[in-house]
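Peer 1: Turn this into a model:
(chains A and B)
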Amino acid sequence: MKWLISFFMGVMLSVSSAFAQEDSPDSLIKKVTEEVLTIVRQDKDIQSGNTRKAIELVEAKVLPHFNFSRMTALAMGKDWNKASPEQKKRLSEEFKTLLVRTYSNALTGYKDQTIRYKPTKMPGGDADVVVKTEVLQPGSKPIQLDYSLEKLPDGWKVYDVIVAGVSLVTNYRDTFNQEVRANGVDGLIQMLSTKNKQLEAGKK
Amino acid sequence: MRKGLFVNSPIAKRFSLVAAICIAFAGLSGCATTANNPKDPFEGFNRAMFSVNEGIDVVVKPVAQGYEDVMPVPVKAGVGNFFGNIGDIWIAVNNFLQGKPADGASDLGRVFFNSTIGVLGLFDVASGIGLEKHAEDFGQTLGAWGMGDGPYLFWPVIGPRNVRDTFGFAVDAYADPVAHLDDVSARNTLMGVRFIDLRASLLPADKVVEEAAFDKYNYIRDAYFQNRRSAIHDGNPPPLDD
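Peer 2: Residues are numbered from 1 along each chain as shown, chains lettered A, B, ... in the order given. You can find the predicted model right below:
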């Protein structure tokens, strides 16, 4: 009987520790990527370019793991500090809409690529890591797809996505800085919101 | 498109043309007007060339789209592998030049296995046994040797290249085995197919860039800077300050 009790104790311990232990950044990326790709692989609409459906998928599965205010701050650089809390909120909201669309458009280009997850270097206690993956497709060289994550109280959050060395976030830096220089922070909010409205109106 | 540009022009002539244009630019640098980005002093000219390229693409893109729609995936993969295999030789040379003999040897191993077991390069068997494909060119080699970027340039057909990578491209083109084929029609056919295959591989990115960019010219330029910086450092560029 004793072994049975210790067996159950052991099972309970391992179960509870599994619950207590949150995802490490690399396993989080893998989990979310596989979840999304499994859906895309079965969804002919997304594969044939239905951005609306792809956006819904990204909003449900990917968005909760992204930190958009950090992304917006990274895109704006020093100009971020010129914005009031209210402006920061609006900037993050608009930039989020734009990035979700970009990400969704990229998903509609999915054919039959697979993802390779590269080992992540995790210096102990580090709250900022880069998870490296590669997109493999027959007939061409692997494309690097990296995610920068930081640890927040509610888990690891992505704050940058880097495709073939190109950050989808900092690629806006010069454009945003230029707009703030010319028309101030409100000008940038206006520019983002106009862009989003155009895309919303023009899409299928 | 490429045909028209390449049929009658020996590569040496192209090289000297590129050099002449670069020299002409050096003289122009005093009178650049529209530029507001220090990395892009010839923005006015570049934007004009960008428009020319967009015009050319009106013709090229539908051809690439047709190719994409008609060709079954295994055929496209075979085409990509075939040209990739030819390219691996020059990639190996560049890895050796950059002081990465292990990568260079791996590239030669790829050419060996893919040319034999992989049936003249149609199948990439080397990736399956752990010999990964690399992407190197002479511009990266010059960058790895410490040469700076130089001003940004946008060329029709070729696309974005800074001055260093423009020279790099000229050397790459000179080293391209396909360009040295004696049979002119075979050469032109191969170059045409390779060009369309390359354009087709970029189709999925079109919509992303189109919608993500506030100004497509700027977006492509800034992405080019980041991409090249990463490529020169083999995917691990030193961090920039924010």
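Peer 1: which bits of chain B sit near chain A?
Peer 2: When proximity is defined as CB under 8 Å from any CB of the partner chain, chain B approaches chain A at B:36-37, B:73-74, B:76-81, B:84, B:124, B:132-135, B:201, B:203-205, B:207-208, B:211-212, B:214-215, B:218-219, B:222-223, B:226-231, B:235, B:237, B:242. Glycine gets a C-beta too; all of them are placed from N, C-alpha and C.
Peer 1: what's the offset of the host helix or strand of B:F195 from the middle of its chain?
Peer 2: Per DSSP states H and E, B:F195 falls inside helix B:184-201. Computed by CA atoms, centre = their mean, to the nearest Å, the chain-centroid distance of helix B:184-201 equals 14 Å.
Peer 1: in that helix, what counts as buried?
Peer 2: Neighbour-count burial for helix B:184-201, counted by 16 or more other CB atoms under 10 Å in any protein chain shown, picks out B:187-188, B:190-191, B:194-197, B:199-201.
Peer 1: So, low pLDDT: which residues of chain B?
Peer 2: The model of chain B has pLDDT under 70 over residues B:1-35, B:240-242.
Peer 1: Chain neighbours aside, what residue packs nearest to A:I55?
Peer 2: In space, and not counting its chain neighbours, A:I55 is closest to A:S104: 4.5 Å by CB to CB, 6 or more residues apart in numbering or on different chains.
Peer 1: Quick check: phi and psi on that neighbour?
Peer 2: According to degrees, to the nearest 10, the main-chain angles of A:S104 amount to phi -70, psi -40.
Peer 1: tally of neighbours for residue 60?
Peer 2: All of this refers to chain A. Around A:A60 there are 12 other residues, counting by other CB atoms under 10 Å in any protein chain shown.
Peer 1: that's the wrong chain, I meant chain B
Peer 2: Around B:V60 there are 17 other residues, counting by other CB under 10 Å.
Peer 1: okay, the angle between the lengthiest helix in chain B and helix B:184-201?
Peer 2: As assigned by DSSP state H, the longest helix anywhere in chain B is helix B:43-70. Interaxial angle, helix B:43-70 versus helix B:184-201 (axes from the mean of the first three to the mean of the last three CA atoms, to 10 degrees): 90 degrees.
Peer 1: Strands along the chain, start to end?
Peer 2: Since no chain was named, I'll use chain A. Along chain A, the segments classed as strands by DSSP state E run A:114-117, A:128-137, A:140-152, A:155-163, A:166-167.
Peer 1: hmm, I had chain B in mind actually
Peer 2: B:152-155, B:159-162.
Peer 1: Any chance of those in CSV with mean neighbour count as columns?
Peer 2: What follows is the strands of chain B, written out as CSV (neighbours: other CB atoms under 10 Å in any protein chain shown):
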stretch, mean neighbour count
strand B:152-155, 21
strand B:159-162, 20
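Peer 1: nearest to B:G99, of these?
Peer 2: Closest to B:G99 of the strands of chain B is strand B:159-162 (CB to CB; 22.5 Å).
Peer 1: centre of the chain versus that closest one, how much separation?
Peer 2: Distance of strand B:159-162 from its chain centroid, counting by CA atoms, centre = their mean, is 9 Å.
Peer 1: Tell me the strands beside that strand, with direction?
Peer 2: In the sheet, strand B:159-162 lines up against strand B:152-155 (antiparallel) (DSSP bridges).
Peer 1: what sits up against the strand it pairs with?
Peer 2: With contacts defined as CB atoms under 8 Å, 6 or more residues apart in numbering or on different chains, strand B:152-155 is touched by B:25, B:39-40, B:42, B:46-47, B:49-50, B:53, B:160-163, B:166, B:217, B:221, B:224-225.
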